[in-house]
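Participant: starting from these lines, generate the structure:
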Amino acid sequence: MASHDDTNAPTTTWQTHLRGLYHGHEPSSRNFRYAILAFDAFTILFFIVTSAFETETWVLFADALIAVVIALDVGVRWWIAYDRRRFLMHFATWADIVVIVSLLAPLFLGNFLFLRVLRALRLLRSYRVLADLRQEFGFFRRNEEVFQSAINLLVFVFIMTAVVYVSQHTTNPGISNYIDALYFTVTALTTTGFGDITLHGTGGRLLSVMILLLGVALFLRLIQSVVRPVRTIYECPDCGLTRHDADAVHCKHCGRVLHITTTGED
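Facilitator: Reported below is the predicted structural model:
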């Protein structure tokens, strides 16, 4: 009887090579993962810029090409996974599958842009990219929490903007593209509220209230974590603790004197 444990499946030469690209430590492997990160960032930017041209033939064709690339990526990662069932349980895997479906079936699903923005969740969270950045760039290592908070902030803004756009662009003349929705979302989250764009209907008013509350409770906190991070990344030579207060002098775990680079500002 064949085993259901994927770790016992025979490994081909191609699987070994691809695992090296996705998980290896060679410069070529790191460059490959950086290329995937750049592709993820490009797709998010593409979805935003082309939101005003969603029905154009060239946009649909480009969406299909992006979907094929993502599908190939997901298929390869499933093929080289040591535990394929565990791979299928990952949130990032299903986020990619949802994005693929939303790109290939626009006639049936409509423009579910917020599903495509799930692609942003993969930024700095896959293919050992974080480990690569920590190893190669001291600036990133020292400010990792700032970068993580910035990514969380961008993902949050993208998701809220997509919800506004998808729910309003067909009925609200003030929101004709993703940029209009982004403008409204940012002004609402920052509680600026210029008032030149408002959301229509009872659902729109409830969405405005939700965005306002989230802006007070979450958005401002994310901004604070970017401007003034609570922790800094510095590995203690004795105990290995990596997260310390930004102004820490001693390791709170073992008491070792630390030499964290700091400007001394509060």
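
Participant: okay, now the unreliable bits of the stretch 51-200 of the chain?
Facilitator: When residues are selected by pLDDT under 70, those of the stretch 51-200 of the chain lie in 51-55, 106-128, 142.

Participant: would you map the helices across it?
Facilitator: Defined through DSSP state H, counting those that start in this stretch, the helices belonging to the stretch 51-200 of the chain, from first to last, are 57-80, 84-89, 91-104, 106-109, 113-116, 129-136, 138-142, 144-168, 178-189.

Participant: pipe these into TSV and attach mean neighbour count and distance to residue 35 per row.
Facilitator: All C-beta spots, glycine's among them, are computed from the backbone N, C-alpha and C. Supplementary listing: the helices of the stretch 51-200 of the chain in TSV, determined by neighbours: other C-beta atoms under 10 Å; distance: least, C-beta to C-beta, whole Å:
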stretch	mean neighbour count	distance to residue 35
helix 57-80	15	11
helix 84-89	13	21
helix 91-104	18	17
helix 106-109	11	27
helix 113-116	21	20
helix 129-136	16	11
helix 138-142	14	18
helix 144-168	20	18
helix 178-189	22	26
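
Participant: now distance to residue 48 too, for those, in a markdown table please.
Facilitator: Formatted as a markdown table, the helices of the stretch 51-200 of the chain follow (distance: least, C-beta to C-beta, whole Å):
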| stretch | distance to residue 48 |
| --- | --- |
| helix 57-80 | 12 |
| helix 84-89 | 29 |
| helix 91-104 | 14 |
| helix 106-109 | 16 |
| helix 113-116 | 9 |
| helix 129-136 | 22 |
| helix 138-142 | 25 |
| helix 144-168 | 8 |
| helix 178-189 | 5 |
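
Participant: quick one, which of those helices is nearest to residue 258?
Facilitator: helix 138-142 (12.4 Å; C-beta to C-beta).

Participant: now do that closest one: which elements does it pack against?
Facilitator: Here helix 138-142 touches helix 129-136, strand 231-233, going by 3 or more C-beta pairs under 8 Å, 6 or more residues apart in numbering; DSSP states H and E.

Participant: quick one: closest of these to residue 73.
Facilitator: Across those (criterion: C-beta to C-beta), the nearest stretch is helix 129-136, sitting at 13.9 Å.

Participant: CA atoms of the closest one as PDB?
Facilitator: C-alpha atoms of helix 129-136 as PDB (Å, rounded to 0.1, in the frame of the first residue of the first chain):
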ATOM      1  CA  VAL A 129      12.900  36.400   2.700                       C
ATOM      2  CA  LEU A 130      13.000  37.700   6.300                       C
ATOM      3  CA  ALA A 131      15.900  35.400   7.100                       C
ATOM      4  CA  ASP A 132      17.800  36.600   4.000                       C
ATOM      5  CA  LEU A 133      17.200  40.300   4.800                       C
ATOM      6  CA  ARG A 134      18.300  39.800   8.400                       C
ATOM      7  CA  GLN A 135      21.500  38.100   7.300                       C
ATOM      8  CA  GLU A 136      22.500  40.500   4.500                       C
END
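
Participant: so residue 248, which of the three states?
Facilitator: Here residue 248 is recorded as coil under DSSP: H, G, I helix; E, B strand; the rest coil.

Participant: burial measure for the residue nearest to it when sequence neighbours are not counted, as a count.
Facilitator: Using C-beta to C-beta, 6 or more residues apart in numbering and skipping the chain neighbours, the partner closest in space to residue 248 is residue 258 (5.8 Å). Residue 258: 19 surrounding residues under other C-beta atoms under 10 Å.
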